[in-house]
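>>> structure of the sequence below:
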Amino acid sequence: MIKNIVFDVGGILFDDSLANTSLVLGEDATEIYHKAYGTTFRDCLLGDMMVAEHVESFKRDADYPKLKYLLSKENLHISYPLLKENLDYIVSLKDRYSLYLLTNITADSYEYIINTIDIDSIFSGGVYSFREHIVKPDKRIYNLLLDRYHLLKEETIFFDDRRKNVDAAIECGIAAAVFNNIEDIKNNLEKDI
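Predicted structure coming up:
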């Protein structure tokens with residue numbers, strides 16, 4: 001029986017999609033998106049580099065102004081907007097389940113999130129990549145969540161918008177499903193009833 005639901009943040013609570021980036025920049029942003037969230041951005045997720053340093057590494061790049069706009073802390077409300085309907089549904093689960101976060105996230109994004117929603121009143125806890133210096137799909141981060149909050153694998157389900165992160169959770173013995181929309185959560189919880 002499921003007692004604990006674990007959520008990724010990007011793609012579930014906040015929109016970090018290529019589609020949103022293209023909307024924000026008013027153009028096909030595929031190349032900029034891959035630059036912004038490519039190679040050295042992983043260091044930001046690991047907490048080994050600040051996002052501002054990552055942005056400065058593009059100073060000589062023709063796309064620097066767009067990258068700076070997209071990744072600046074001041075513009076996260078535009079480039080990483082809250083998915084309010086998803087949040088409202090997740091909050092509605094709080095009376096029946098313990099809710100947790102497990103996410104690859106930068107320090108800047110974490111600060112923005114805690115200033116946007118009251119995560120402490122919604123979630124029973126969370127594990128954040130920038131604090132732990134581990135990113136999904138590294139299995140250590142899933143086990144850290146289980147150990148820190150004394151969660152039983154058989155009572156826990158994990159939702160993420162990326163297949164590789166879901167597969168890693170399953171390999172750790174945690175039920176997991178790819179999140180495309182709220183129906184994915186509803187359908188998986190109904191299977192448990």
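>>> report how many residues lie close to residue 19.
Neighbourhood size, residue 19 [other C-beta atoms under 10 Å]: 10. Backbone N, C-alpha and C define where each C-beta goes, glycine included.
>>> right, I mislabeled it, should have said residue 114
So residue 114, with other C-beta under 10 Å, has 11 neighbours.
>>> for the helix or strand containing it, list every residue counted as buried.
Residue 114 is part of helix 107-116 when elements are defined by DSSP states H and E. Residues of helix 107-116 classed as buried: 107-110, 112-113, 116 (neighbour count, 16 or more other C-beta atoms under 10 Å).
>>> can I get the residues you listed in a markdown table including pLDDT?
Formatted as a markdown table, the buried residues of helix 107-116 follow (pLDDT from 0 to 100):
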| residue | pLDDT |
| --- | --- |
| 107 | 97 |
| 108 | 97 |
| 109 | 97 |
| 110 | 97 |
| 112 | 97 |
| 113 | 97 |
| 116 | 96 |
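>>> hmm, back to that, which residues touch the helix holding residue 114?
9, 13-14, 44, 47, 50-51, 73, 76-77, 80, 82, 105, 119, 128, 130 (C-beta atoms under 8 Å, 6 or more residues apart in numbering).
>>> and the buried ones among those, selectable in ChimeraX?
Remark: buried members of those, expressed as a ChimeraX selection using 16+ other C-beta under 10 Å:
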select :9,13,14,44,47,50,51,76,80,105,119,128,130
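>>> which of the contacts of helix 107-116 fall in strands?
In strands, defined here by DSSP state E, the members of the contacts of helix 107-116 are residue 128.
>>> tell me the one of the contacts of helix 107-116 nearest residue 28?
residue 80 (19.2 Å; C-beta to C-beta).
>>> so what's the backbone phi/psi at the closest one?
Per-residue torsions, residue 80: phi -140, psi 60 (degrees, to the nearest 10).
>>> for it, give its distance to residue 4.
Taking C-beta to C-beta, to the nearest Å as the measure, residue 80 falls 26 Å from residue 4.
>>> quick one: residues contacting residue 75.
Applying C-beta under 8 Å, 6+ apart, the residues contacting residue 75 are residue 69.
>>> what ranges do the strands span in this structure?
4-7, 98-103, 125-128, 156-160, 175-178.
>>> okay if I get the ones you listed as JSON lines plus mean pLDDT and distance to residue 19?
Below are the strands of the chain laid out as JSON lines (pLDDT from 0 to 100; distance: least, C-beta to C-beta, whole Å):
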{"stretch": "strand 4-7", "mean pLDDT": "98", "distance to residue 19": "20"}
{"stretch": "strand 98-103", "mean pLDDT": "98", "distance to residue 19": "20"}
{"stretch": "strand 125-128", "mean pLDDT": "98", "distance to residue 19": "25"}
{"stretch": "strand 156-160", "mean pLDDT": "98", "distance to residue 19": "18"}
{"stretch": "strand 175-178", "mean pLDDT": "97", "distance to residue 19": "17"}
